[in-house]
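J.: show me how the following folds:
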Amino acid sequence: MAPTATSDAVKFNVSQSVASAKYDALGPLVVNSDGTLSRITNWPEMTPTERERTFRVLVARNQ
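T.: Numbering: from 1, shown residues only. You can find the predicted model right below:
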């Protein structure tokens with residue numbers, strides 16, 4: 001079941017001045033090299049530390 005409200009989203013501020021993004025229980029969107037969007041399939045099984053690390057990499061890559 002998909003979240004119904006923006007308040008269901010979590011916001012990570014990955015740096016003081018670079019970027020922030022919101023994601024829901026499905027995890028952050030990944031911008032692929034061909035411009036398509038996807039999600040990380042194992043996001044729900046990741047630990048909070050793994051999620052933070054993965055999110056930092058994705059923010060840099062998605063820019």
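
J.: just list whatever residues bridge to Ser38.
T.: Beta bridges link Ser38 to Val30, judged by DSSP bridges.

J.: that one reaches Asn32, doesn't it?
T.: Yes: applying Cβ atoms under 8 Å, one finds Ser38 in contact with Asn32, separated by 6.1 Å. To be clear about C-beta, it is placed using only N, CA and C from the backbone, and glycine gets the same treatment.

J.: host element of Arg51?
T.: helix 48-62 (DSSP states H and E).

J.: which helices and strands does that helix pack with?
T.: Applying 3 or more Cβ pairs under 8 Å, 6 or more residues apart in numbering; DSSP states H and E, one finds that helix 48-62 contacts strand 20-23, strand 29-31.

J.: read off the pLDDT value for the residue lying closest to Gly27 once chain neighbours are set aside.
T.: Nearest non-adjacent residue to Gly27, counting by Cβ to Cβ, 6 or more residues apart in numbering: Trp43, 3.1 Å away. pLDDT, Trp43: 89.

J.: for Trp43, what are its contacts?
T.: 26-28, 51 (Cβ atoms under 8 Å, 6 or more residues apart in numbering).

J.: just the buried ones from the residues you listed?
T.: Using 16 or more other Cβ atoms under 10 Å as the burial test, the contacts of Trp43 include 27-28, 51 as buried.

J.: relative to Asn62, which of those is nearest.
T.: Pro28 (8.2 Å; Cβ to Cβ).

J.: could I get the phi/psi values of the closest one?
T.: phi -70, psi 160 (degrees, to the nearest 10).
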